[in-house]
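Peer 1: give me a model of this one.
(6 chains)
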4 protein chains.
Amino acid sequence: MAKDSSAAKAPGKREEERRRAILRAAIEVFSRKGYQGCRIADVAKEAGVAYGLVYHYFQNKDELLESVFEAGWSWFLARVIEAAGKGNTFDERVESVVGVAFESYRRDPKAVKVLILEVGRSPSGGAVNRGKAFAHVIQLASQLFEEAQRNGELKPDHDPKLCAAMFFGAIEMGLTGFVMGFIDRREDTLLAAQRQVTETFLRGVSPGTQRTLEAAWTSPKSSSKPKLAKRA
Amino acid sequence: MAKDSSAAKAPGKREEERRRAILRAAIEVFSRKGYQGCRIADVAKEAGVAYGLVYHYFQNKDELLESVFEAGWSWFLARVIEAAGKGNTFDERVESVVGVAFESYRRDPKAVKVLILEVGRSPSGGAVNRGKAFAHVIQLASQLFEEAQRNGELKPDHDPKLCAAMFFGAIEMGLTGFVMGFIDRREDTLLAAQRQVTETFLRGVSPGTQRTLEAAWTSPKSSSKPKLAKRA
Amino acid sequence: MAKDSSAAKAPGKREEERRRAILRAAIEVFSRKGYQGCRIADVAKEAGVAYGLVYHYFQNKDELLESVFEAGWSWFLARVIEAAGKGNTFDERVESVVGVAFESYRRDPKAVKVLILEVGRSPSGGAVNRGKAFAHVIQLASQLFEEAQRNGELKPDHDPKLCAAMFFGAIEMGLTGFVMGFIDRREDTLLAAQRQVTETFLRGVSPGTQRTLEAAWTSPKSSSKPKLAKRA
Amino acid sequence: MAKDSSAAKAPGKREEERRRAILRAAIEVFSRKGYQGCRIADVAKEAGVAYGLVYHYFQNKDELLESVFEAGWSWFLARVIEAAGKGNTFDERVESVVGVAFESYRRDPKAVKVLILEVGRSPSGGAVNRGKAFAHVIQLASQLFEEAQRNGELKPDHDPKLCAAMFFGAIEMGLTGFVMGFIDRREDTLLAAQRQVTETFLRGVSPGTQRTLEAAWTSPKSSSKPKLAKRA
DNA sequence: GATGAATGAGTGTTCATTCAT
DNA sequence: GATGAATGAACACTCATTCAT
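Peer 2: Numbering: from 1, shown residues only, chains lettered A, B, ... in the order given. I've put the predicted structure just below:
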């Protein structure tokens, strides 16, 4: 019966909900007060649970923080991996990954804010630090760039790891403009930024380079950009 | 009196030395323990001064932090402004600014580490945060990019502010690779990274774009690149 | 109903078992972590019952502690009373009581450890404290010593209460040597200690006092020492 | 100069005073609330200092507790060692040690209460526990008893360690009677108890043993008991 | 009865800041 | 100015106790 199954699973479900509620609350508080400024009491209040319950679900403050990053970051990484394999050409893959980053921001700006502003700030002793997170994405993106290099889609004298670092640096700073409120978070500015990041990374900011991507984007509903059309 | 006059300048000099010593110590401690992890006691010990003396030179911890960033950042900004006016062409200016960033890292990696890893940590309320610093460079660089756009040296449909954000994002992440120890801090890797950052920003990572810069760099001792030649 | 009647006795037995299991577990945990260091969670885990169940059987932690001491102590007191009446002479009664103490330790060293190390440590406000327990045995033993004094078996100028205190102090410290592991818990050392405690209390440590007891003990199977013979 | 020396030493002296004040306060609080029941806040308030100052002088609560015991116990041990060498005969030495214990109680009953009731509470992990303290006195006293045994002043078949344990057990329990308030803390009862403890340990409680000590004590101002005469 | 999640008061500890010398 | 002892607010963490299921 439905009731039976719910009885068997309900406690587990309720607990899982609580756990999620606390994680969400933590993200909320982090985005307001920052990694260090957040207090367990704030998280508990935000989640609407008792102080001690946080310690029922998480070993200590560090583990809570780690879980927040782990959850957000692993979700982001999974989407990046997926996106990196989505297009046939290097350009399409780069475009996909940029798309994932901006899409993540559209869906959950607070979580992205936390990831951007707080990941990796803990000295280096902390369980979560830029080191691990940074290393992981860079590692992933490096593979993409190495393959592209083998296919002649990336300048042969560029270091793939550095490419990866710059790639995410450009994305991060682009999003930071929104996160910090320097750019209005409107869909058109977001979309323009997304395009600009992609194009700058691929073709640079100098004019006189081929404008294939640009042409495609500006011409309405080009059949070669189905993903972007859906996204927008 | 003689005593007075002797005290007039000497202490002033000594005091300034103390102040600098404390600032240096603060940078040292920040780079080790991070913005929040540092304690006044650590800074005092590192500087070799008494605990309470820190409070003679700085109002409170926040002011100390602010001074650290102010000192480092304003120095960096001044150099960026200088560099931005150094070249005749847009490309040269971009190259100069990238050069300033990498040169800063060569000279004082710990200070750069602090600026990169710690600026913007304090929840937006803090005196020092990514907001102000970010806003300032972006503002400066925007002018560079707007001028370039007027001169037809920057793609006309790009947003100058976003350009600026991506520019510094690429630089920051490039340096982060070194700061975090993912890339050996050797002069040749630093120089290669510097070139790659410049070129990627200007021409993108895709091959098939003109290779003016690359050509100039790879040809030995081109008269048009005196700065880089000296640096290397 | 059938269900009721079946539940009438069986659960009662099971409940009693549970209660005992919790008490045993408490003794176990106390002997490991001490009176204050023990947590309800530890006791529950040790007893193999659910956390909350402890609160079905005991009002609160204090009541649990009290029950532990009550159970152990009342059992010990009952045996002491019995022993105090067992012999015909004062010497035999003293010997009996010492025997009870050592026998208790042989049977349940952990419980004795708890009683010795933990009884009476709670600040005098606590429900269980040395005061009550101490008062009780001293009271009992005093009667024994007063009677002995009336019979001329105890030095007439000695205070019976102080005698009682010293008597149990000597026993306690003797056992403490074993509890703390300073003396190997072997039957022969235990038996020797038991004899020594008795003799010292009755005749002192100085040689040249009559050795009646000693003689009796060393002569094998003296009919007047059936208990010791059986014990050994 | 006096001023110089006071300036050189005064701070150290003041600090030492503070440290002592905190230790005294800790003893006071321990004697009221027990080892575990005491809170740092209580100690600070009792000492009349700020909360945080306790942590200026002591690493943490455990170190404070340890210092309390260390201070009290080492003082007691030193006096015991001194006393153990004071007399010519075994009897006199035993009498001296008993005298030290009772004298300690006369001087500082609260400290003795703490030592008696609280030493050895911490399970066994704690830095201070009955184990160490117990081991130390037993070790010391054992030497006394071994020597006595060599001199034929102690029954040859007695275990010196067990003798030591019983000796201090008798003393401890004797004092416990006062500590717990069962016996009025009047000088005459204290003195009587002191005599009784000594005599019982040496000659036992049974009448018919030689009454040398007793005789000496009861006869007024016997020249052979100068210490007791002075003490009383 | 049995379970263990939920609660929240209590407390040890840190550390920025002040202040007497 | 220089020193470092003194202060106390803030906060992480524990754990006895309650309660819904």
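Peer 1: state the pLDDT value of the most centrally placed residue in chain A.
Peer 2: The geometric centre of chain A, computed from its C-alpha atoms, lies nearest to A:Phe76 (CA atoms, centre = their mean), at 4.5 Å. Note on A:Phe76: pLDDT of 89.
Peer 1: could you find the closest non-adjacent residue to it?
Peer 2: A:Ser104 (5.9 Å; CB to CB, 6 or more residues apart in numbering or on different chains). Using the backbone N, CA and C atoms, a C-beta is placed for each residue, glycine as well.
Peer 1: next secondary structure after the strand or helix carrying the residue nearest to the centre of chain A?
Peer 2: Using DSSP states H and E, A:Phe76 maps to helix A:61-84. Counting by DSSP H and E, the next helix or strand C-terminal to helix A:61-84 is helix A:90-107.
Peer 1: what is the neighbour count of the residue in chain A that DNA strand E sits nearest to?
Peer 2: Nearest residue of chain A to DNA strand E: A:Gly52, at 1.7 Å (CB to the nearest atom of the strand). The burial count assigned to A:Gly52 is 9, neighbours taken as other CB atoms under 10 Å in any protein chain shown.
Peer 1: kindly report the same for the one 3 residues further on.
Peer 2: Neighbours of A:Tyr55 under the rule other CB under 10 Å: 15.
Peer 1: roughly how far apart are the nearest residue to it once chain neighbours are set aside and A:Ala25?
Peer 2: In space, and not counting its chain neighbours, A:Tyr55 is closest to A:Ile40: 7.9 Å by CB to CB, 6+ apart. Distance, A:Ile40 to A:Ala25, using CB to CB, to the nearest Å: 10 Å.
Peer 1: who has more neighbours, the two?
Peer 2: The neighbour count for A:Ile40 versus A:Ala25, taken as other CB under 10 Å, is higher for A:Ala25 (22 against 18).
Peer 1: ok, that one to D:Glu82 distance?
Peer 2: From A:Ala25 to D:Glu82 the distance is 65 Å (CB to CB).
Peer 1: quick check: buried residues in the helix or strand hosting A:Gly52?
Peer 2: Using DSSP H and E, A:Gly52 falls within helix A:51-57. Buried residues in helix A:51-57, counted by 16 or more other CB atoms under 10 Å in any protein chain shown: A:53-54, A:57.
Peer 1: what is it packed up against?
Peer 2: helix A:2-37, helix A:40-47 (3 or more CB pairs under 8 Å, 6 or more residues apart in numbering or on different chains; DSSP states H and E).
Peer 1: so who does A:Tyr105 touch?
Peer 2: If a contact means CB atoms under 8 Å, 6 or more residues apart in numbering or on different chains, then A:Tyr105 has A:112, A:175, A:178-179, A:190 as its contacts.
Peer 1: mind putting those residues into TSV with pLDDT, neighbour count and distance to chain D?
Peer 2: Compiled in TSV, these are given as follows (pLDDT from 0 to 100; neighbours: other CB atoms under 10 Å in any protein chain shown; distance: CB to the nearest CB, whole Å):
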residue	pLDDT	neighbour count	distance to chain D
A:Val112	89	24	41
A:Leu175	91	26	43
A:Phe178	86	24	44
A:Val179	83	25	39
A:Leu190	94	20	50
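Peer 1: out of those residues, which sit inside helices?
Peer 2: A:112, A:175, A:178-179, A:190 (DSSP state H).
Peer 1: now, which of the residues you listed sits nearest D:Ala165?
Peer 2: A:Val112 (69.5 Å; CB to CB).
Peer 1: quick check: closest non-adjacent residue to the closest one.
Peer 2: A:Tyr105 (4.5 Å).
Peer 1: buried set for the helix or strand that contains A:Gln143?
Peer 2: Assigned by DSSP H and E, A:Gln143 belongs to helix A:130-150. Residues of helix A:130-150 classed as buried by neighbour count (16+ other CB under 10 Å): A:130-134, A:137-138, A:141-142, A:144-145, A:148-149.
Peer 1: thinking again about what came up before, the helix holding A:Phe76 and DNA strand E in contact?
Peer 2: No. Interface with DNA strand E: helix A:61-84 contributes nothing (CB under 7 Å from any atom of the strand), its closest point being 11.8 Å away.
Peer 1: what's that helix packed up against?
Peer 2: Using 3+ CB pairs under 8 Å, 6+ apart, helix A:61-84 sits against helix A:2-37, helix A:40-47, helix A:90-107, helix A:109-118, helix A:130-150.
Peer 1: tell me the domain ranges of chain A?
Peer 2: What automatic domain parsing lists as the domains of chain A is A:14-58, A:60-207.
Peer 1: residues of chain A that sit close to DNA strand E?
Peer 2: Selection of chain A residues close to DNA strand E by CB under 7 Å from any atom of the strand yields A:11, A:14-15, A:18, A:49-53, A:55-57.
Peer 1: the closest residue to chain C within chain A and DNA strand F: what is the separation?
Peer 2: Nearest residue of chain A to chain C (CB to the nearest CB) works out as A:His56 at 11.9 Å. Distance of A:His56 to DNA strand F, given as CB to the nearest atom of the strand, to the nearest Å: 7 Å.
Peer 1: any idea which element A:Met166 lies in?
Peer 2: helix A:160-179.
Peer 1: elements contacting that helix?
Peer 2: helix A:90-107, helix A:109-118, helix A:130-150, helix A:187-203, helix B:130-150, helix B:160-179, helix B:187-203.
Peer 1: A:Gln36: which of those helices is closest?
Peer 2: That would be helix A:109-118 among those, by CB to CB, at 8.9 Å.
Peer 1: going by contacts, tell me the helices and strands next to that closest one.
Peer 2: helix A:2-37, helix A:61-84, helix A:90-107, helix A:160-179.
Peer 1: and that helix, anywhere near DNA strand F?
Peer 2: No. Using CB under 7 Å from any atom of the strand, helix A:109-118 never reaches DNA strand F; the gap is at least 14.6 Å.
Peer 1: just the CA atoms of that helix, as PDB, please.
Peer 2: These are the backbone C-alpha positions of helix A:109-118, laid out as PDB (Å, rounded to 0.1, in the frame of the first residue of the first chain):
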ATOM      1  CA  PRO A 109      22.200  32.700  -7.900                       C
ATOM      2  CA  LYS A 110      22.700  32.400  -4.100                       C
ATOM      3  CA  ALA A 111      24.400  29.000  -4.400                       C
ATOM      4  CA  VAL A 112      26.600  30.300  -7.200                       C
ATOM      5  CA  LYS A 113      27.400  33.300  -5.100                       C
ATOM      6  CA  VAL A 114      28.500  31.100  -2.300                       C
ATOM      7  CA  LEU A 115      30.600  28.900  -4.600                       C
ATOM      8  CA  ILE A 116      32.200  31.900  -6.300                       C
ATOM      9  CA  LEU A 117      32.900  34.000  -3.200                       C
ATOM     10  CA  GLU A 118      33.600  31.400  -0.600                       C
END
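Peer 1: cheers, nothing more for now.
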